[in-house]
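*Asks:* I would like the atomic coordinates for the input below:
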Amino acid sequence: MKKVTLPSGKILEISLASFSEANALSKAIAAEIKNLKIDKELDLQDPNFLKDIVCTVISSEQILDCLKICMKRCMYDNQKINDDSFEPEENRQDYFFVCKEVLLETMRPFLKGLSSQLGGIF
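*Replies:* I've put the predicted structure just below:
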């Protein structure tokens, strides 16, 4: 379990998603970002590239549906994350941070081996 202190000061506790949940998320991400141009010349810090990735993820119902399933295993401010967790206005400031952290933690095990295979690109 990973604990993250969010900008609001609240704690996010991330429990790893099951393989099938994580795999569904990875497939949803791949389906959405497969058209992004990535090559050895690309600066991964390029603001336009980062904008494209963020906007793709935020606008994808498929990714967010899969992410929501993964988030249900996590705790936000000592409460299990559910459909009402971000209804209070004061919790909404953490929503994108929670999404990002859960997405990264869910994808991390898949990407460990991939980074060595794609080292030339990344």
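
*Asks:* quick one: the helices in this structure?
*Replies:* Applying DSSP state H to the chain gives helices spanning 19-33, 47-59, 61-71, 89-92, 95-117.

*Asks:* buried deepest among those helices, which one?
*Replies:* helix 61-71 (a mean of 18; mean count of other C-beta atoms under 10 Å). C-beta here means a position set from N, CA and C on the backbone, and glycine is covered the same way.

*Asks:* tell me how far it lies from the chain's centre.
*Replies:* 9 Å (C-alpha atoms, centre = their mean, to the nearest Å).

*Asks:* now swap in stretch 22-32 and tell me
*Replies:* 11 Å.

*Asks:* number the residues from 876 up from this point.
*Replies:* From this message on, residue numbering opens at 876, which makes the last subject stretch 897-907.

*Asks:* and the contacts of that stretch?
*Replies:* The list of residues contacting stretch 897-907 from outside it, by C-beta atoms under 8 Å, 6 or more residues apart in numbering, reads 891-892, 931-932, 935, 937-938, 940-942, 944-945, 978, 981-982, 984-985.

*Asks:* and what of stretch 957-974?
*Replies:* Contacts of stretch 957-974 (C-beta under 8 Å, 6+ apart): 879, 881-883, 885, 887, 932-933, 939, 942-943, 946-947, 949, 951-952, 954, 956.

*Asks:* now do the end-to-end distance for it.
*Replies:* Distance between the two ends of stretch 957-974: 13 Å, counting by C-alpha to C-alpha, to the nearest Å.
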